[in-house]
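>>> Return a 3D structure for these sequence lines:
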Amino acid sequence: MTEPLPDRNTLSRQRRAGRQADHQLEPPVVRWVCIAISLVFVVVFLVLPVVVIFEQAFSKGLAGYLAALADPDTLSAIRLTIIAATTSVALNTIFGVAAAYAITRFRFPGKNLLISLIDLPFMISPVVSGLLFVLLFGAQGWFGPLLRGLDFKIIFATPGIVLATTFVTFPFVARELIPVMQSLGNESEEAALVLGAGAWRMFFRITLPSIKWGLLYGIVLCSARAMGEFGAVSVVSGHIRGATNTIPLHVEILYNEYNFTGAFSVASLLLIIAFVSLVLKLVIEGKHDSRD
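Here you go, the predicted structure:
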């Protein structure tokens, strides 16, 4: 006779008992040393810098903090950062879904090369990648004369900032989706096609719901990276105040001018974005674990 399956509470108790048994195999000294080292690193490298940033940001009170954020140059930097981040995230989402689908569902020449090229921005310094765009689209670059003839400016303008941000962030969505789609397999998609569903209907009804948490996770990581990008954007922006400065570049300018309250006030925006991204990351991971 088949034994009944254990309920959720029984499984939870079994997992807790297993974890307690694992802990008992380790000497208490090893456990406490690992915990102490972790806490020291978290406090020194994460907690203290966050405290210092907010302490400096509010050193002149709430009025000084809000005044720094309401500065026209700061608002311009926030607006440009949002434009660059949203555009690059949209482009990377399209690329990431297409690349992950092609890699996990099809066989084609150059597949391994495509996987390697996706990782290329991880291996190149952001400053070098920005310089590459200058050599391509700058006034003396390969396409410089053509762009002058078309009266279209890329370097030291918004298009260059979008290009640089897109380049340094485009692995994130694809790299999150590839293992997710590999683990899912394609049996459900094949069944939908056999039953008469079209390719687009199959994608939106079968594939997309299955990968949505991995996709959202990649978008969150991509967005956070795009908002905080400094090196590549610094090279292609020209540091034109109120025109081509993103939030990180504006922080640098304020700090170099010894406007510490303004610099740390604007920097706190990046911390807030980081906290929001972290919360979203935890929520998505929880949803993904619950689904598994």
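
>>> In the host helix or strand of residue 248, which of the residues would be classed as buried?
According to DSSP states H and E, residue 248 maps onto helix 247-256. Neighbour-count burial for helix 247-256 flags 247, 248, 249, 250, 251, 252, 253, 254 (criterion: 16 or more other C-beta atoms under 10 Å). For glycine as for every other residue, the C-beta is placed from the backbone atoms N, C-alpha and C.

>>> From the contact counts, what lies against it?
Contacts defined by 3 or more C-beta pairs under 8 Å, 6 or more residues apart in numbering; DSSP states H and E place helix 247-256 against helix 72-105, helix 208-228, helix 231-237, helix 260-291.

>>> Give me the contact list for it.
With C-beta atoms under 8 Å, 6 or more residues apart in numbering as the test, helix 247-256 has contacts from 73-74, 77-78, 81, 227-230, 233-234, 237, 239, 241, 245, 260, 262-263, 266-267, 269-270.

>>> How about stretch 42-61?
By C-beta under 8 Å, 6+ apart, stretch 42-61 touches 64, 65, 68, 260, 261, 264, 265, 267, 268, 271.

>>> just the buried members of those residues?
Of the contacts of stretch 42-61, these count as buried by 16+ other C-beta under 10 Å: 65, 68, 261, 264, 265, 267, 268, 271.

>>> C-alpha coordinates for the host helix or strand of the first one, CSV please?
When elements are assigned from DSSP H and E, residue 65 belongs to helix 61-70. C-alpha atoms of helix 61-70 as CSV (Å, rounded to 0.1, in the frame of the first residue of the first chain):
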residue,chain,number,x,y,z
GLY,A,61,19.3,69.7,8.1
LEU,A,62,16.4,68.6,6.0
ALA,A,63,16.2,72.0,4.3
GLY,A,64,19.7,71.8,3.1
TYR,A,65,19.2,68.2,1.9
LEU,A,66,16.1,69.1,-0.1
ALA,A,67,17.7,72.2,-1.5
ALA,A,68,20.6,70.1,-2.8
LEU,A,69,18.2,67.7,-4.5
ALA,A,70,16.1,70.6,-5.9
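
>>> buried ones in it?
65, 68, 69.

>>> now the helices: where do they sit in the stretch 101-250 of the chain?
111-118, 120-123, 126-137, 144-149, 158-169, 171-184, 187-194, 199-202, 208-228, 231-237, 247-256 (DSSP state H, counting those that start in this stretch).

>>> Downstream of the helix or strand of the chain with the lowest mean pLDDT, the next helix or strand is which one?
None of the helices or strands of the chain scores lower by mean pLDDT, DSSP states H and E than helix 8-24, at a mean of 55. Next helix or strand after helix 8-24 toward the C-terminus (DSSP H and E): helix 28-42.

>>> what comes up buried for that following helix?
Of the residues in helix 28-42, none is buried (16+ other C-beta under 10 Å).

>>> avg pLDDT for that helix?
Taken as a whole, helix 28-42 carries a mean pLDDT of 88.

>>> so how far is that helix off the chain centroid?
Averaging C-alpha positions (C-alpha atoms, centre = their mean, to the nearest Å) puts helix 28-42 29 Å from its chain's average.

>>> same thing with stretch 187-194?
32 Å.

>>> cool, stretch 214-224 as well?
On C-alpha atoms, centre = their mean, the centre of stretch 214-224 falls 5 Å from that of its chain.

>>> got it, and stretch 35-54?
22 Å.

>>> Also stretch 193-211?
27 Å.

>>> Tell me the span between the first and last residue of that stretch.
From its first residue to its last, stretch 193-211 covers 18 Å (C-alpha to C-alpha, to the nearest Å).

>>> Can you tell me what sits against that stretch?
By C-beta under 8 Å, 6+ apart, stretch 193-211 touches 100, 101, 177, 180, 181, 184, 188, 189, 192, 215.

>>> For stretch 182-193, give the mean pLDDT please.
Stretch 182-193 comes out at a mean pLDDT of 80.

>>> Only the buried residues of it, if you could.
Those would be 184, 189, 192, for stretch 182-193 by 16+ other C-beta under 10 Å.

>>> Distance to residue 222 for the residues you listed - can I get that in a markdown table?
Listed next are the buried residues of stretch 182-193 as a markdown table, based on distance: C-beta to C-beta, whole Å:
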| residue | distance to residue 222 |
| --- | --- |
| 184 | 21 |
| 189 | 25 |
| 192 | 29 |
